[in-house]
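# Provided below are the primary sequence and the corresponding predicted coordinates.
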Amino acid sequence: MTMTKKPETRPAPASWGLAAGAHVPWEYASAPESTDHVQIKPEYGLFIGNEFAPSKPKRTFEVINPATEEVLARVARASAKDVDRAVTVARGAYHNTWSKLPGSERAKYLYRIARIIQERSREFAVVETLNSGKPIKESRDVDVPLAAAHFFYYAGWADKLDYAFPNRQPRSLGVAAQIIPWNFPLMMLAWKIAPALACGNTVVLKPASTTPLTAYLFADVVRQAELPPGVVNIITGPGEIGMELVRHPEVNKVAFTGSTAVGKMIARAVAGSDKKLTLELGGKAANIVFDDAPIDQAIEGIINGIYFNQGEVCCAGSRLFVQESVYEPLLDKLKARLSTLRVGDPLDKNTDVGAINSAGQLAKVQELVESGIEEGAEIFQPDCQLPDRGFFFRPTLFTGVSQSHRIAQEEIFGPVLSVLTFRTPEEAIEKANNTPYGLSAGVWTEKGSRIFKMVAAMRAGVVWANTFNRFDPTSPFGGYKESGYGREGGLHGLAAYVRLDA
Ligand code: NAP
Ligand code: MG
């Protein structure tokens, strides 16, 4: 058999404005995921006591697709009265049914939810992508499987809490108020709801206003799983409604993931009450590459670390520290790899970088990128075409960044990498820890002893070695310093939802 080698390049399209005779790589043919199996309703009411009902008074707001700016649905805008109703229903379900069930019964419901998420995974993945702007390959391969995995994992603990806390008596807390962000809407819901239910609590959850649709799809799963009414309640509305929920006197536990600014407001609001609080806030993670690191593997880790989910990841590796001796070859490879990322339609199975979640977030990314240029850092962006509509931003990296630049200090929450250098491990440690945050870090080196030294020295809740952005329900996740307190995931994640009687 003879094989003819296909040409690796083609003449550049005239519209790209490149020099005459320039060649560019072949394009991928478009490979859009089908949306036929998905039915988004025109309007969603609040989900309270296993029923969807309009808010009182009836008010709604629009939810859009950030990749097209088209309206996907309208959802209810809860009032303070609706919050009260949701908490009252959750309290009733707690007293009358959920807290009375043995753990083995609660486990059955959680297993059922996990299996239904798996069965409906294509539907969840498409709705998540339509609503959040993240690439379908990520919602399909990361968000939805991890959400199911969380329910499976905590289903396993529901009847084993006595073993999780030996010689203590774990007791449920009551009603959990849970507020989640827009970057991993379904996954954050799972991280919050699964341990709460496993420990015998009931919940009222408020998704972010831009991304409520998978939460309402999950409400449908709650009904399908025949969970007793009132165990899971989902309400939508602006931040002030989140604050009503936090302040409600019948709430016993508050769990929040989002910005440090709102986290601080919530901490102040619960101070002096007996509400238990966990906060998972922002980050500005250091990803540290030593000169002995496997360089191609490190390049993939750097790319995954900051361009996964458009960089809208609290633990994103947004500060890259490269040992000076490998700075130039690493940067050449990194720029070349950046240029191969495909930016565009999130529903296309070949897309690597989708849409930024909202116009507001895009403006924030743009403003910080402009500050980087003004403060004297050098910008590099690949020459990719962006769609005409939607909130897209080119994957970006900055070199010549100094520690004092805003792009080295502030969380950008976008596809923007700041590259810095170091000479010795001590210098890397000092620079990496020079941040108000402390959520995650990454270390790349062949040397095992150096991994241990670096991991111990990082003031960060999660440290990855020769990998990045790995999540597993068995592994605790959470912050130091302004990245918050408390842990989600693993055995540690149970502690946030129980009180321990002696
Ligand atoms: P945010 O305001 O902290 O929103 C997170 C959640 O809190 C949303 O459900 C939000 O509701 C709700 N919320 C807003 N104000 C509240 C208040 N006063 N009381 C109670 N709940 C409130 O985050 P954002 O404005 O969407 O994003 C701002 C920045 O935060 C981002 O640029 C990023 O740097 C950071 N962020 C971090 C994470 C993370 O995972 N750590 C996630 C998202 C954002 P609404 O959606 O209705 O406002
Ligand atoms: Mg906000």
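Now that the structure is in, tell me what you want to look at. Bear in mind the structure is a predicted one, so any value in this text is a computation, not a measurement. Ligands and ions are numbered 1, 2, ... in the order given.
# List the contacts of the residue of the stretch 351-500 of the chain found nearest ligand 1.
Residue of the stretch 351-500 of the chain nearest ligand 1, by Cβ to the nearest ligand atom: Phe413 (3.7 Å). Glycine gets a C-beta too; all of them are placed from N, C-alpha and C. Phe413 makes contact with Asn183, Gly282, Gly311, Glu312, Val313, Cys314, Ala316, Gln361, Lys364, Val365 under the criterion Cβ atoms under 8 Å, 6 or more residues apart in numbering.
# could you redo the last one with a cut-off of 10 Å?
Counting by Cβ atoms under 10 Å, 6 or more residues apart in numbering, Phe413 touches 181, 183, 259, 282-283, 309-314, 316, 318, 356-357, 361, 364-365, 368.
# Torsion angles phi and psi at it?
The phi/psi pair for Phe413 (degrees, to the nearest 10) reads phi 60, psi 50.
# follow-up on the earlier one: would you list the buried entries among the contacts of Phe413?
Among the contacts of Phe413, those classed as buried by 16 or more other Cβ atoms under 10 Å are 181, 183, 282-283, 309-314, 316, 318, 356-357, 361, 364-365, 368.
# May I have stretch 399-412 as PDB, with CA atoms only?
Extracted C-alpha coordinates of stretch 399-412, given in PDB (Å, rounded to 0.1, in the frame of the first residue of the first chain):
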ATOM      1  CA  THR A 399       6.600  38.500  29.400                       C
ATOM      2  CA  GLY A 400       8.700  41.000  31.200                       C
ATOM      3  CA  VAL A 401       6.300  40.900  34.100                       C
ATOM      4  CA  SER A 402       7.400  42.200  37.500                       C
ATOM      5  CA  GLN A 403       6.000  41.300  40.800                       C
ATOM      6  CA  SER A 404       4.400  44.700  41.300                       C
ATOM      7  CA  HIS A 405       2.400  44.700  38.100                       C
ATOM      8  CA  ARG A 406      -1.400  44.400  38.500                       C
ATOM      9  CA  ILE A 407      -1.300  41.300  36.100                       C
ATOM     10  CA  ALA A 408       1.000  39.600  38.600                       C
ATOM     11  CA  GLN A 409      -1.100  40.600  41.600                       C
ATOM     12  CA  GLU A 410      -4.700  40.500  40.800                       C
ATOM     13  CA  GLU A 411      -6.900  37.600  39.700                       C
ATOM     14  CA  ILE A 412      -7.700  38.100  36.100                       C
END
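# in it, what's buried?
Thr399, Val401, His405, Arg406, Ile407, Ala408, Glu410, Glu411, Ile412.
# Centre of the chain to stretch 429-444, how far?
19 Å (Cα atoms, centre = their mean, to the nearest Å).
# for the nearest residue to Glu51 once chain neighbours are set aside, what are its contacts?
The spatial neighbour of Glu51 that comes closest, neighbours along the chain excluded (Cβ to Cβ, 6 or more residues apart in numbering), is Pro229 at 7.6 Å. Residues near Pro229 by Cβ under 10 Å, 6+ apart: Ile48, Gly49, Asn50, Glu51, Val89, Gly92, Ala93, Asn96, Thr97, Val222, Arg223.
# Leu173 - how many residues pack around it?
22 (other Cβ atoms under 10 Å).
# I should have written Arg487 there, sorry.
A total of 21 residues lie near Arg487 under the criterion other Cβ under 10 Å.
# ditto for Asp388
Neighbours of Asp388 using other Cβ under 10 Å come to 6.
# In which helix or strand does it reside?
Taking DSSP states H and E as the definition, one finds Asp388 inside no helix or strand.
# Next, Ala496: phi, psi?
According to degrees, to the nearest 10, Ala496 has phi -70, psi -20.
# pLDDT score for it?
As predicted, Ala496 sits at a pLDDT of 97.
# hang on, it packs against Ser172?
No - counting by Cβ atoms under 10 Å, Ala496 does not reach Ser172; the two are 11.9 Å apart.
# joint contacts of the two?
By Cβ under 10 Å, 6+ apart, Ala496 and Ser172 have these common neighbours: Ala196, Cys199, Lys253.
# Those in strands, which ones?
Of the positions in these, Lys253 sit in strands, assigned by DSSP state E.
# model confidence over stretch 387-407, on average?
Averaging pLDDT along stretch 387-407 yields 97.
# Would you tell me whether it gets close to ligand 1?
No - against ligand 1, stretch 387-407 shows no contacts by Cβ under 6 Å from any ligand atom, the least distance being 12.8 Å.
# returning to that earlier point: can you say which of the buried ones among the contacts of Phe413 are also within reach of ligand 1?
When these are checked against ligand 1 using Cβ under 6 Å from any ligand atom, the ones in range are Pro181, Asn183, Gly282, Cys314, Gln361, Lys364.
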